[in-house]
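Asks: Quick one, structure for this:
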Amino acid sequence: MACDIVREREGDRVTLRVSGEFDRGSAWSLRELLQEEKAPIFALDFSLVREFSDIAVAVLARALTELTRPCVLRGLRQHQLRIFRYCGVKVDEETSITGEAARSTEAAHHHR
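Replies: Below is the predicted model of the structure:
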C-alpha cells in the first residue's frame, strides 16, 4: 500500500493524516505540503502508518527544522522520535516538534 496524505481543517488548525507506508517519496511529498501550508496551527498524524522508512524520517526531520511555526506530531514510535532527535529536531514529551525558528516565533508570541 502506498502512502496517503489527507488534509483536514478544523477552525485554525490543519491536520495532515498520513497512512500506509511512509517512504522517501512520501516524505518529499509531505515536505512540500508543509512548505505550502499556511495554517497557523497544524499537526501531523502518523497513527495510521504501518511502516516507516528511516530515510523518510530523516527527510521529514530536515523540513521540521526549517519550520517557522510549531507543529504537533502524533502516532510516532520511539524509534522515529529518536531519529528526529539525531537529526536535530527538538522533541518534547508531548511530541510537539518545532524547528529553532518556530521556537523563537512561539516564544515571541508568549511574551506579548
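
Asks: Would you check that V49 makes contact with F22?
Replies: Yes - the pair V49 / F22 is scored as a contact, 4.9 Å apart, by CB atoms under 8 Å. Yep, even glycine has a C-beta here, placed from its N, CA and C like the rest.

Asks: Return the distance of the top strand by length along the chain from the chain's centre.
Replies: Secondary structure of the chain per DSSP state E: the longest strand is strand 41-52. When C-alpha coordinates are averaged (CA atoms, centre = their mean, to the nearest Å), strand 41-52 and its chain have centres 8 Å apart.

Asks: That strand: partners in the sheet, and parallel or antiparallel?
Replies: Each strand paired with strand 41-52, and its direction, by DSSP bridges: strand 13-22 (parallel), strand 71-74 (parallel).

Asks: quick check, L34 in a helix?
Replies: Yes - under the criterion used here (DSSP: H, G, I helix; E, B strand; the rest coil), L34 sits inside a helix.
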